[in-house]
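S.K.: what would the 3D arrangement of this be:
(chains A, B, C and D)
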Amino acid sequence: MSDALLRAEGLTRRFGGLTANQDVSLSLKRGELHALVGPNGAGKSTCINLLSGDLAPSAGRILFEGRDITGLASHQRSLAGIGRSYQRSNVFMPFSVFENVRLAAQSRRPRAWRVWAKALEDRAINERAEAAIAEVGLAAQRARIVGEMSHGERRQLEVAMVLATDARVLLFDEPLAGMGAEESMKMVELLRRLTTDRAILLVEHDMDAVFAAAQTITVMVNGQVLESGAPQQIRASAAVREAYLGDDEVVHE
Amino acid sequence: MDFVSFLIQTLNAVQYGLLLFLVASGLTLIFGIMGVINLAHGSFYMIGAYLAFALVAQTGNLFTALLLGIPLAALLGALLEWALFRHLYKRNHLEQVLLTYGLILVFEELRSLALGDDVHGVAVPAIFSASIKLSDTLSYPVYRLVISAVCVLLAIGLYILIHRTRIGMMIRAGNHDRDMVEALGIDINRIYLVVFALGVTLAAFAGMIAAPVSSVFPGMGNQVLILSFVIVVIGGIGSVWGALVAALVIGFADTFGKVLVPDYAGLAVYLVMAAVLLWRPEGIFKS
Amino acid sequence: MSASFNTFLKLLVLALVLAFPFVGSAFYTELVAKGLILAIFAMSLDLLVGVTGLVSFGHAAYFGVAAYVLALLTPKYQAANLWLSLPVAVLVAGLVALLVGFFVLRTRGIYFIMVTLAFAQMAYYIFHDTDLGGGSDGIYVNFKPSAAIAGWTPFDLDQPKALYFFILVCALAVYGGLRRLKESSFGSILQGIRDNESRMLAMGYATYRYKLAAFAVAGALAGVAGYLYGALYGFVTPEYLSWHQSGNVLLMVILGGMGNFGGAVAGAFAFVAMQEFFAAWTKHWQLLMGAVIVGAVLFLPGGISALPARLKRKPRESADE
Amino acid sequence: MNSYSPKITSPGSIWTRTATVATALACAALLPLGNAQAQSGKIKIGLMLPYTGTYAALGNAVTNGFKLYVEESGGKLGGRDIEYFVVDDESDPAKATENTNKLVKRDQVDVLVGTVHSGVAMGMAKVARENNTLFVVPNAGADELTGPLCAPNIFRTSFSNWQSAYAMGPVVYEKRARKVVTLTWKYAAGKQMTDAFAEAFEKAGGKVVKEMTLPFPNVEFQPFLTEIAALKPDAVFVFFAGGGAAKFVKDYGAAGLRASIPLYAPGFLTDGTLEAMGDAGQGLLTTLHYADGLTNAKDQAFRAGYAKAYKAAPDVYAVQGYDAAQLLATGLSAVKGDVSKRAELVKAMEAARIDSPRGAFTLSKAHNPVQDIYLRKAEGKENKVVSVVSKALADPARGCKM
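M.R.: Numbering: from 1, shown residues only, chains lettered A, B, ... in the order given. This is a model prediction of the structure:
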């Protein structure tokens, strides 16, 4: 467990009387694609929000590279090296692809306060942005206005934006949602490539993709972790089958 | 302040708060349900007061004036919704601000053209003209208590309308998600027409019923406009109970501000608003 | 529109305002100067409304505070020094904005609008109800600021032309500075916050700090406008801080079109011109003004600056909006 | 405000628009040059008064009074025709200097007449002093205008706040009141009025036990009425005007205070508001420099003339406007309409004895009327004269160095 980049221990989150996450523990290792699955309302999004700092846990703690980051706000966690994408596309529509990614890259710059020098003339940042765009395969689209792009392309853009922040832990909330089969395959391929020197947590409904790409799968039901392990182990688990995989229709919706 | 004075000032605060609620209730509806920032709300209050003045002059009776004035106000509201506001729902709030600001100027000048710039009064209806003795020197006019009672009834009525009736359900659904309601086959435009007309009627009704105590004068709408916004916002947008509580809070802040810190009474209401919003950034009762 | 035509237009406008004092009468020179000051005021608000997405309904407070600083720094029988009083006024306005921003930026949307209003009203009552600045009747600035530096006076603001050009230089500097700021790293962060604040947080931006900085800068620039207004007219009243003023400057920004400082300039001049023309026409000029505003909203979404683009579209498209 | 999304526009289009606006402004600027009449023989009079907003009725009354006198004089003053330049000041002090400049710099009027609102008048005085424009105030009562700001070119035909309130001091004392509470809006005029009353009342031997104020223009009086009832003073002195005055008097009556604690005020309380007050206003005693039921011939002629011209009864504001025209006429006649002889013109105006509907008055050294103050009683829709309480009362003109 020493190579865990991000570790959650006993995370609990209550909304009023409702417990959305109860005693959730999981760890993300470098080089590992970790999938978080479960039926609707299982608490996956809450879990990701707790890890990214968008929500504060009611109990439990989060360690990043051995450091306790439970008290850090979302932007502080981002600066520490945890990046995330959202369930709904969450990009800057009126900006171009390049401007979107450049803004992400710029967040790592110690002197973001510069008010005079033109932003577009900052070479170091531009290079970092270009690299991230190339990595997700959007180089040809760099000048397009995001509002005019397809859904799949926007999801790619989101990945590029996370990459541009130099995140070592990537939290992806349903990056494949709404994508066609071909786009999905490309995205899975991309995620796999990105895993080499990073840790990725993937919340996903597409079970084919999850079983094809993930090294570890955690199944959540009713806000709790039901089972966690390698894909074969999950496939073999009777509890998971009963709670979740039993209904084949749901899986391949 | 001795105890009796304190009690009487508390009564003053409650009474003023209820009156403010009456004025602000229409704004809460339009603002909360339709999401329209209506700066012309004060103008509708002013129109109501002048309607009361003009109609009482014609009919000699405030009740008859109310009977005639309320449908007129509703008609005006429906007309405005149909002609102007309907085109703004999908635009941003700032354009609504601009439009309703323009309407303030239009209504104020139309009022000047139609009825002049003099100060007018409306007599308190004879059956409510008595007063109740509170101390050897001070009495309390019955009409003010009547207004308070009407305000309470109105608050209850609005609550029932929104939370307990079918149309209220549709209104709330429309507030939540316009597209969904349309998908369900409900004519959202008609709902908005009704809500807007209702909001305008409430403002005008407040003006009519307050006219006997407030007098009728140019610029009277501007005075209530900002206070109404203060109340709606600190109450939590769209919440009838919130508006009621907020109106009472402001009633107390104003009354006791004047008594306890007279030199800074002008600040009191705004200090309270700032404090409430810093404590609860989305109002006391966020919806 | 081609880039060269654009440049040509810019130069034409610049030539017009440069030549104006030499062809226009004293009154209209002053009126254009007023337009320039309000343009600074509107641009400063546009930094909040159009660029950062923060709708402030209390912007007149910083305008008024700076005007009062000038009034209070001007001794009864002599002029205040421009090079001292201007920076002080701007600094005070900026600091007041910083303090107010510290509180108000915790709220969002309509709540933000109302809290900014609340703080502005408090500032209004401080000047209206106390003797701090002459009370409700206002206070005179008996002498225009003196531009003397160690005995040498480069220009004399008592000369209307000198004052006009000083105001023009300030307006150009604010315009240029804000354009530059918008394209800087800081500016792109502000625009990111406007479009999607949660995303900015997720990318590691402490957005509160940037918004606070924008709020203070906008307050300071409004202070430039307020200072110049006090210097131009020599009379400072609590009404400078009233919500009507805050509303008017917001109208200028919306009327002109947001997010691009040229729109704020156009809005300011359109507003001044409308008041001027209509008031000269009829006693009931506010009826016309109101009607024009209503019409502008219905038929001119996006403000004046969006007009040419709309004219190019097919008429049917714009008709059913 | 999630739906809020600013429009992104191309900079070019904005410049087009700015250019258009600037060009339009430039054209407007050049127009007056073409129109400028080279001393056409008419005297240019600039009327800067409120024609919109809360004080619109007052602005119209002043204008009517002024024009009535000019009409009676055959449309001429000092033998020369009159040309009016009119500006609506909206009672907005923030635009006061600019609006004054419209008349002084753009239209280059010979005489500036205005206004109702004191804050706006302060702005006008500033411009008038700097440009040495002849300035006649037909209403605004700010003590400063004929105090620290007094100047050879500034005249007033109305009153100073001090005058209308000071006269009430002895009256209240004579009505056997010893402890008095004052109440007004927290603004300059209110403070000047209540201070002047306190000055006179305490000089007579009474005591102002509490000075209460409420924020302008707030009209929720109930907390103060409760306090007054608890304090039980011998009398209450207030200063309110317009809609606020009507509401206060009604509230005061409805609280049952009229029966036990008499109410006194400067006449603005009951001028133009009696109809709105209804029964609550009846019998109120106020002091002012004008009243209904005066018996002098001038007043009767004035009233008849005003009623004929405007189908309405004149009020104190109309009188002040009328007298502003009279005062100017006196000065202009002395120089035969030659406004360039400023020194003589001012001298004639200073020495004038104005045969006003309110009764004849002269001007103090600071150019404020030295006039009789009447005690009036509200009866029906009129403020009937009871007596002259202060004969030829002159403002002390504190701070005037003329």
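S.K.: now A:His205: phi and psi?
M.R.: Torsion angles at A:His205 (phi, psi; degrees, to the nearest 10) stand at phi -100, psi -30.
S.K.: that one: neighbouring residues, count only.
M.R.: Neighbour count for A:His205, taken as other Cβ atoms under 10 Å in any protein chain shown: 17. Any C-beta I mention is one placed from the backbone N, CA and C, and that applies to glycine too.
S.K.: need the contact list for it.
M.R.: If you count contacts by Cβ atoms under 8 Å, 6 or more residues apart in numbering or on different chains, A:His205 has them with A:37, A:174, A:176-177, A:253.
S.K.: that one and A:Glu174, how far apart?
M.R.: Distance of A:His205 to A:Glu174, given as Cβ to Cβ, to the nearest Å: 7 Å.
S.K.: then B:Val119?
M.R.: Per Cβ to Cβ, B:Val119 is found 65 Å from A:Glu174.
S.K.: so these two - more neighbours on which side?
M.R.: B:Val119 (25 against 20).
S.K.: quick one: contacts for that one?
M.R.: Neighbour list for B:Val119: B:215-217, D:57, D:242-243, D:245-246, D:272-273, D:275-276 [criterion: Cβ under 8 Å, 6+ apart].
S.K.: nearest to chain C, of those?
M.R.: Checking those against chain C by Cβ to the nearest Cβ gives D:Ala57 as the nearest, at 12.9 Å.
S.K.: most neighbours out of the contacts of A:His205, which is it?
M.R.: A:Val37 leads the contacts of A:His205 on contacts (other Cβ under 10 Å) with 26 neighbours.
S.K.: pretty sure it contacts A:Val221?
M.R.: No - contact criterion Cβ atoms under 8 Å: A:Val37 and A:Val221 do not qualify, at 9.9 Å.
S.K.: just the helices in the chain please.
M.R.: By default, I'm working from chain A. A:44-52, A:74-80, A:97-106, A:123-136, A:151-164, A:181-194, A:207-213, A:231-236, A:238-240, A:248-251 (DSSP state H).
S.K.: I was thinking of chain D, sorry if that wasn't clear
M.R.: D:11-35, D:56-72, D:96-101, D:118-131, D:161-166, D:168-174, D:188-204, D:222-231, D:242-254, D:257-260, D:274-277, D:297-310, D:316-334, D:342-351.
S.K.: so the third one, near chain C or not?
M.R.: Yes - with Cβ under 8 Å from any Cβ of the partner chain as the measure, helix D:96-101 is seen reaching chain C through D:96-98, D:101.
S.K.: how far is that helix from where the chain is centred?
M.R.: 18 Å (Cα atoms, centre = their mean, to the nearest Å).
S.K.: hang on, the earlier thing: ok, the contacts of B:Val119 vs chain A, which is closest?
M.R.: Chain A lies nearest to B:Phe217 out of the contacts of B:Val119, by Cβ to the nearest Cβ, at 47.7 Å.
S.K.: which non-adjacent residue is nearest that closest one?
M.R.: D:Gly243 (2.9 Å; Cβ to Cβ, 6 or more residues apart in numbering or on different chains).
S.K.: go on, D:Leu214?
M.R.: B:Lys258 (5.8 Å).
S.K.: now the one you found, what are its backbone angles?
M.R.: B:Lys258 adopts backbone torsions of phi -70, psi -30, taken as degrees, to the nearest 10.
S.K.: what's the separation between it and D:Trp185?
M.R.: Separation of B:Lys258 from D:Trp185 (Cβ to Cβ): 12 Å.
S.K.: ok, now A:Ile48?
M.R.: Look at A:Ile48 and D:Trp185: by Cβ to Cβ, they are 58 Å apart.
S.K.: follow-up on the earlier one: buried subset of the contacts of B:Val119?
M.R.: Neighbour counting with 16 or more other Cβ atoms under 10 Å in any protein chain shown marks B:215-217, D:57, D:242-243, D:245-246, D:272-273, D:276 as buried within those.
S.K.: where does B:Val224 sit: helix, strand or coil?
M.R.: The three-state label given to B:Val224 by DSSP: H, G, I helix; E, B strand; the rest coil is helix.
S.K.: that one: what's it in contact with?
M.R.: Counting by Cβ under 8 Å, 6+ apart, B:Val224 makes contact with B:20, B:23, B:42, B:45.
S.K.: what does B:Leu20 give?
M.R.: Residues near B:Leu20 by Cβ under 8 Å, 6+ apart: B:224, B:227-228, B:231, B:247, B:250-251.
S.K.: give me the residues contacting stretch A:124-137.
M.R.: Contacts for stretch A:124-137 (Cβ under 8 Å, 6+ apart): A:97-98, A:101-102, A:104-106, A:108-109, A:120, A:139, A:142, A:156-157, A:159-161, A:163-164, A:166, A:186, A:190, A:194, C:185.
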